[in-house]
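In: Predicted structure and sequence below. I'll ask about it afterward.
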Amino acid sequence: MPTITIDNKKVEFENGMTVMQTCELAGTEIPRFCYHEKLSIAGNCRMCLVEMVKGPPKPVASCAMPAGDGMVIKTNSQMVKKARKGVMEFLLINHPLDCPICDQGGECDLQDQALHYGFDKSRYDENKRAVKNKHMGPLVSTIMTRCIHCTRCVRFSTEIAGVDDLGLLGRGENAEITTYLEKTIDSELSGNVIDLCPVGALTSKPYAFKSRPWELSKTETHDVLDGIGSSIRVDTRGKQVLRVLPRINEDTNEEWINDKTRFAIDGLSRQRLDKVYVKENNKLNTSDWNTALDRIKDEITNRGKEKTITLSGKFTDAETVISSKIFSHALGSNLYDCRFDNAQVIHGESESYKFNSSIQEVENADAILLVGSNPRWEASVLNARIRKTYINNNCKIGIIGPDLNLNYPYHKISKSLTGLNDILENNSEFSKILFNAKNPIIIIGTSAINNDQGESVLKICANIAKKLPNFSNSFNPLNILNQDISRVGSLELSFVNQYFDGDLEAKLKEKIKKNKPVVFLLGLDEISPKSLDGSFVVYCGHHGDVNAQYADIILPTPAYTEKSSTYMNIEGRVIQTSRCHNPLGEAKEEWKIFKVLSDLLECDIKFNNLNDVRKKIVEHNKNFLEIMKTSNSSKLSFASKEKLEEQTISYNISNFYMNDSISRSSETMAKCTNEILNKVKYS
C-alpha cells in the first residue's frame, strides 16, 4: 500500500483517498466547513489548508488534493497556522456578531474554529454586507447574512435529496444561497440541511429560540414513524421533546432522517390522552383506572372471553404484542391481527414480509423493480439510497403502479398488477434489464398486496426473484417494504389470524355482528369506526385520534419517547427505543394493563415485570435475542407461477406529513401539508 508522512508520522492509505482523509487516519484533525463525507468535494472554504514539503510554495486545500505515495505533509507549521488565520479573518469580515441570539450557538463550527484560528479584533473598517433572508418553507429558518458559502446545503439538495430548489447566485461579494423564486424546499429530507450548515444561516423554524443545547437532556434512541427505525437522538427538557437529531448508522439511515421524524415531535404534546375515560350515556367522561378495568372485566365476562378481539396499530411494540397475545390465549381467544391495511402474507414464511436484501444492499443494485411502492413517502431515507445507486451504478428503476414524482428517472411498466405477468414471461422491455443485471432487486409495497391477489403477487414476485442472477442461499433479492415499524415484529410473533385474510374489516364486521365482543384497539386508527359497530371498544393509545372518540373506554398509554420498547424494522433488525422522559398524566404501559386485567379475570399470564415480558418475546421467536442484528434466509419456497388479473394499484399514503396519530396532531406537519402539498404560501 502507498504511504504518506503526516507531521513526521508515516501512514498507509488506499488509492483514491484525499490528503484530508489520510490526515484523519494519522489522528490529525483538519478544520473544515465545506467538506462533508457524504457530499461531493467543493473546496470552497479553504479552511483545510496544509503544507506540502517538496510541493507548491503555498498551502493546498487538503480536501481536494489527492494523496500520493511518498508525500510529506505538515499540518501545524507556521505557514499553515498563518494561512488558516487569514482564511478565518476573511470568513468573519461580513459575519454578524449575533452569537447570543443565534440558535446555532453552543454547537457552531464557526464558533469552535474561530476560538483557535480567529483574531480578537477586526482590521476591516467597511460596513458589513447584509443579505435578505429567504423563505424556504415551514421547516427551515434562514438568516443568510451569516452564510459563508460552503454550499453544503446546495450539494445536499442536488445530490442526496434530488431536488434543485437551492443554488448559488451572483459572484464575489454579491454571491448568495437562494431558492431562486422564493420557493419552499419540496423534499421529505429538507431538514438535514440544518445539520449540515456549519454556521447559523439555516436553523430549525419550529425550534427557534426555544432552548440552548446545554439545557437539554439527550437520549439516544430510534425513530418509529416509518419502518426503517432510523437512529436518532431526542433532546428533552422536562417532559417536553424539543428536538430530534439523526445519529450516524450506516446500516439504516446513514446520517439522514426525514422531516416527519425530525419535526412531528410537537404532536407528542398535543391532543394527548393522559386520563382514563369511560363512556356513559354516549359521552366520554374522565374516570379512574380501577373503575375502567373493572368495567372491562365485566364486559369480557358477559360478552364471552373467547370472543375477545385484539387489533394492533402503527406503533405497537413487541412487548405490547406478546402481552396482548398471551392475554388473549389465556381468555381462550386467538382473534388478533396486525394487518389493519389488509397487507397479505404467506403464513409461516418470514421472507414474505421482510426486506430480505437489507437496506444497505440497495446501494449495490444495478436494477430495481418497484411494485406498488412509493419509497419517497414510505421510507424517505431508503429512497435516498435508491437515488444514490442510480447516480453511482447507473441503476435502472422500473415501476408497476401509478405515476410517481420521484427524484430519479424510472421506466413505467404498467399501472396494473398484470405487468408482473409480462415480467415473468419476459415480455416486457424492463424484464430484459432485470434478468440481465448483475445485482437486481425487487421492492414490493403494501399497496400491491393489500387486495384479493396479495398472496399471488408475493408468489409471482418470489418466482421472478428466484430467476434473477444474484439469487443464492446467502442473498435474497425479494423485498417487502412495510410502512410501519410494528408490522415485521408483530408478524414474527405470529400476531396474526388467517381468519382475517383477504378483507380484515369485512371479516371484523361479520365477527362483531355475530358475537358483539370486546375489541381492544392498540393505538389503531386506520380502520373505519363503522366496522366496530355493536362491539365494546377499549382504546389503548396516546393520542385522541380517529377511533378514540368511538371507544367505550380509553386507557392512556405512553408514546415512543416515554417508554423503552422493542421493535423489528423492515429488514428484521431488532432495535430498542429508550425512555426519554416520564409518561404524561396517568399513562401506563400496555403490558401492565394486560397483567392487571389477567389478575382480575383470574387467568395467569406468567409475567410480572418487563424482563419477564421480554423473556416471553424471545421464547416465541429467537430472532429477538440479538439486538441490532438482521436475520438472513434465502429459500422463497412459496414461489409459484401465478396469473394475475387486471387490477390497478392505489398507493395507500395520500399525505406523507400526516399519516399517523402523532403527525396528525402536529401543527408543524399541518403547515407542511398546506404549504408543500396544497401549495398555500405563508410568509
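Out: Happy to help now that I have it. Residues are numbered from 1 along each chain as shown.
In: From now on I want contacts and neighbour counts done on CA atoms only, so please keep to that.
Out: Noted.
In: who's in contact with residue 645?
Out: Contacts for residue 645 (C-alpha atoms under 8 Å, 6 or more residues apart in numbering) come out as 417-418.
In: can you do 7 Å?
Out: Counting by C-alpha atoms under 7 Å, 6 or more residues apart in numbering, residue 645 touches residue 418.
In: where's it relative to residue 305, distance?
Out: 41 Å (C-alpha to C-alpha, to the nearest Å).
In: Give me the nearest residue to residue 142, chain neighbours excluded.
Out: Distances taken as C-alpha to C-alpha, 6 or more residues apart in numbering put residue 202 closest to residue 142, at 4.9 Å, once the chain neighbours are dropped.
In: so the one you found sits right up against residue 145, yeah?
Out: No - when contacts are counted by C-alpha atoms under 7 Å, residue 202 is not listed as touching residue 145 (10.6 Å).
In: what's whichever helix or strand residue 298 is part of in contact with?
Out: Using DSSP states H and E, residue 298 sits within helix 289-303. Residues outside helix 289-303 that contact it (C-alpha under 7 Å, 6+ apart): 276, 278, 516-518, 553, 597, 600-601.
In: what lines up beside whichever helix or strand comes after that helix in the sheet?
Out: Scanning forward in sequence from helix 289-303 by DSSP H and E, the next helix or strand is strand 309-312. Using DSSP bridges, strand 309-312 pairs in its sheet with strand 335-337 (parallel), strand 518-522 (parallel).
In: Pull strand 309-312 out as PDB, backbone CA atoms only.
Out: The C-alpha coordinates for strand 309-312 follow below in PDB (Å, rounded to 0.1, in the frame of the first residue of the first chain):
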ATOM      1  CA  ILE A 309     -60.700  -9.400  19.600                       C
ATOM      2  CA  THR A 310     -57.300  -7.500  19.700                       C
ATOM      3  CA  LEU A 311     -56.000  -5.400  16.800                       C
ATOM      4  CA  SER A 312     -52.700  -3.600  16.800                       C
END
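In: just to revisit the earlier point, which of residue 202 and residue 145 has more neighbours?
Out: residue 202 (26 against 18; other C-alpha atoms under 10 Å).
In: mind checking the backbone torsions on the more buried one?
Out: Per-residue torsions, residue 202: phi -120, psi 120 (degrees, to the nearest 10).
In: what's near enough to touch it?
Out: Residue 202 neighbours (C-alpha under 7 Å, 6+ apart): 140-143, 194.
In: which residues sit in contact with residue 478?
Out: Contacts of residue 478 by C-alpha under 7 Å, 6+ apart are 356-357, 441-443, 462, 465.
In: Quick check: beta-bridge partners of it?
Out: residue 442.
In: Please enumerate the helices of the stretch 1-150 of the chain.
Out: Counting by DSSP state H, counting those that start in this stretch, the stretch 1-150 of the chain has these helices, from start to end: 19-25, 78-93, 109-117.
In: I meant the stretch 151-300 of the chain, not that one.
Out: Counting by DSSP H, counting those that start in this stretch, the helices of the stretch 151-300 of the chain are 152-155, 192-196, 259-263, 289-303.
In: Could you export those as a markdown table, including mean pLDDT and distance to residue 328?
Out: Converted to a markdown table, the helices of the stretch 151-300 of the chain look like this (pLDDT from 0 to 100; distance: least, C-alpha to C-alpha, whole Å):
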| stretch | mean pLDDT | distance to residue 328 |
| --- | --- | --- |
| helix 152-155 | 96 | 52 |
| helix 192-196 | 96 | 44 |
| helix 259-263 | 97 | 33 |
| helix 289-303 | 96 | 11 |
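In: Kindly provide the distance from residue 595 to residue 619.
Out: 18 Å.
In: Between those two, point out the one with more neighbours.
Out: Counting neighbours by other C-alpha under 10 Å for residue 595 and for residue 619 shows that residue 595 has the greater number, 22 against 13.
In: before we move on, the earlier item: are any of the contacts of residue 202 buried, and which?
Out: 140-143, 194 (16 or more other C-alpha atoms under 10 Å).
In: Tell me which two in those residues are the farthest apart.
Out: Within these, 143 and 194 form the most distant pair, 12.0 Å apart (C-alpha to C-alpha).
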